[in-house]
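1. curious how this folds, go ahead:
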Amino acid sequence: MSGKPRACRNCKRIVVGKSCDVCGSTNLSSSFSGLLLILDVEKSRIAKELGIRKSGRYAVKVD
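-> Below is the predicted model of the structure:
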């Protein structure tokens, strides 16, 4: 990964770039805390609870 990671304010996906690869939003923040790493969305209870449908890194809180 190159560049500074930022979190999407809509879906909390952590991305590097100008837009979210999950929801397409450009509403990103460099201020976030906590990290969820979802490896298998089908087996993850946390992913199901939070409505996450794509594996990857997510912020717990986005400022």
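2. from now on I want contacts and neighbour counts done on CA atoms only, so please keep to that.
-> OK.
3. kindly provide the distance from the residue sitting furthest away from the middle of the chain to residue 24.
-> Outermost residue of the chain with respect to the C-alpha centroid, by Cα atoms, centre = their mean, is residue 43; its distance is 17.9 Å. Noted for residue 43: a distance of 25 Å to residue 24, by Cα to Cα, to the nearest Å.
4. so where is this structure shaky, pLDDT-wise?
-> 1-2 (pLDDT under 70).
5. quick check, central residue of this structure?
-> Short answer for the chain (Cα atoms, centre = their mean): residue 13, at 1.3 Å.
6. the closest residue to it other than its chain neighbours in helix, strand or coil?
-> Among residues not flanking residue 13 along the chain, residue 58 sits closest, at 4.4 Å (Cα to Cα, 6 or more residues apart in numbering). Classification of residue 58 by DSSP: H, G, I helix; E, B strand; the rest coil places it in strand.
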